[in-house]
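Undergrad: Let me see the structure of the following:
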Amino acid sequence: MNKPLLFMLACIPTRLALAYYAHKLGYVLLAIALGMLYLYFTGSRMKAPEASGGVTWWAPLRIVHGLLYLAGAVMALRGDSLAWVPIAADAFLGLVLFYFRRAIAARQGLGSTGSGP
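TA: Residues are numbered from 1 along each chain as shown. Just a heads-up that it's a prediction; the model follows:
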């Protein structure tokens, strides 16, 4: 399957749905945050199948994603109606990084860089 298309049609909409329902998903967001932080601190899953060539180029950014999800989780668990903000910020960050990674690769003639964070 076309991995960039999968990122745009599955990953980003899923992140936006998580943002929309964030106020009800505190424990789900917490599980996602802990998973991302675990991967970051252990250096695990460095050859993700969803990445072109299996190289997880976004691995150094997992801490940012993990902390955004952790913030959303804490806010949701405290009943804060703005819990969606850090999750939506994560979706936006994913789109921006995806775009710039592909734009840089295109300028350098590297072709596809796979899906994003």
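Undergrad: List the residues that contact residue 19.
TA: Residues in contact with residue 19 (C-beta atoms under 8 Å, 6 or more residues apart in numbering) are 72, 84, 87, 88, 90, 91. All C-beta spots, glycine's among them, are computed from the backbone N, C-alpha and C.
Undergrad: How much space separates residue 99 from residue 2?
TA: According to C-beta to C-beta, to the nearest Å, residue 99 stands 16 Å off from residue 2.
Undergrad: do the same with residue 74
TA: 36 Å.
Undergrad: quick one: which of those two has more around it?
TA: residue 74 (16 against 10; other C-beta atoms under 10 Å).
Undergrad: where does that one land in three-state SS?
TA: Secondary structure, DSSP: H, G, I helix; E, B strand; the rest coil: residue 74 is helix.
Undergrad: swap in the one 5 residues further on?
TA: At residue 79, secondary structure determined by three-state DSSP is coil.
Undergrad: contacting residues for it?
TA: Contacts of residue 79 by C-beta under 8 Å, 6+ apart are residue 23.
Undergrad: mind checking pLDDT for residue 57?
TA: Residue 57 is assigned 81 on the pLDDT scale.
Undergrad: correct me, but it touches residue 101?
TA: Yes - counting by C-beta atoms under 8 Å, residue 57 touches residue 101, with 6.8 Å between them.
Undergrad: Brilliant, that's me finished.
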